[in-house]
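**Student:** Build me a structure from this.
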Amino acid sequence: MGIKSLLGFLTIIPVRMDKHSFEEAAELMHLFPLLGAFIGFLAGMFAFLIFKLLPNLVVGILTLGFLLLITGLHHTDGLLDFGDGLMAQGSPQKKIKVMHDKQTGTGGVALGLITFLTTALAIGGLTRIIILQSLVTAEVSAKLAMVVAAWAGKSAHKGMNTYFINIMHDRYRSLRMIAALIISFGIAMPLLPFIGVIGIVASILTGLIMVWISNRHFRGMTGDVFGATNDLARMTTLIAILAAIKWL
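**Tutor:** The predicted structure follows:
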């Protein structure tokens, strides 16, 4: 039942949701990386199958499109709003108000373009031998970064983010965080020994940096910041994987 709620929350896979599904997804936030592995596997198989048919750059663009499609662009909206909030001048309340505006501004467009172009290029820079493993690791990392942000951050206002932050601050917060880390490292290390560790560490740092940025600009985390954390952590993990491969 809980896994079904996670699927419904993190993907567009049609599962029956009810009024309790959102709370169930929050309760199982420590399992986000596990769902990330599933999403990454689907994207990795897609990339692997088209790799020999198309140029690397096209593979990167189409694979990113596949990822955005299967996740329903849930996090993309947050990324664009986050970019607008960062560029807005004024108090944290005004910045949050800008993020809630339905119109996308220059800050959101710029951050979205940079993030998606870099991500597509990074995917295109992978070889067919490791593209599946890398995408699984990247999606595990993206979901782990959100768990880290919920564990380390505080809520800027009552909203969707509050459920997840409250769960990651209950009496089991340390156990939940440890479980998420064990799942993440347990998946990444066998797939990409050493390189996978670098990718996971990059996502943890991304999550912590996002907490610092959100505290500075918004006095806490918002749902949009969580969405941005997912997409930015995917990008930084792929960059870290490419850098590690080149260095090794």
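
**Student:** Look at the residue in the chain sticking out farthest from the centre and tell me its secondary structure.
**Tutor:** Relative to the centre of the chain, the most outlying C-alpha is that of L53, 28.4 Å out, by C-alpha atoms, centre = their mean. Here L53 is recorded as coil under DSSP: H, G, I helix; E, B strand; the rest coil.

**Student:** Quick check: pLDDT value at it.
**Tutor:** You'll see L53 listed with a pLDDT of 94.

**Student:** Neighbours of F48, how many?
**Tutor:** Neighbourhood size, F48 [other C-beta atoms under 10 Å]: 16. C-beta: built from backbone N, CA, C; applies to glycine.

**Student:** swap in I12?
**Tutor:** Residues near I12, counting by other C-beta under 10 Å, number 13.

**Student:** Where does the nearest residue to it once chain neighbours are set aside sit: helix, strand or coil?
**Tutor:** Among residues not flanking I12 along the chain, G72 sits closest, at 4.0 Å (C-beta to C-beta, 6 or more residues apart in numbering). The three-state label given to G72 by three-state DSSP is coil.

**Student:** Isn't G72 up against G8?
**Tutor:** No - contact criterion C-beta atoms under 8 Å: G72 and G8 do not qualify, at 10.0 Å.

**Student:** Between those two, which has more neighbouring residues?
**Tutor:** Applying other C-beta under 10 Å to G72 and G8 shows that G8 carries more neighbours, namely 19 against 14.

**Student:** so what's F82 up against?
**Tutor:** Contacts here follow C-beta atoms under 8 Å, 6 or more residues apart in numbering; on that basis F82 touches 99, 108, 111, 224-225, 227-228.

**Student:** For H74, give its distance to L68.
**Tutor:** According to C-beta to C-beta, to the nearest Å, H74 and L68 sit 9 Å apart.

**Student:** let me redo that: L80
**Tutor:** From L80 over to L68 (counting by C-beta to C-beta), the distance is 12 Å.

**Student:** cool, S134 as well?
**Tutor:** Taking C-beta to C-beta, one finds S134 at 17 Å from L68.

**Student:** cool, and G105?
**Tutor:** Distance, G105 to L68, using C-beta to C-beta: 20 Å.

**Student:** same deal with G186?
**Tutor:** From G186 to L68 the distance is 27 Å (C-beta to C-beta).

**Student:** Equivalent analysis for L10, please.
**Tutor:** Distance check for L10 against L68: by C-beta to C-beta, it reads 13 Å.
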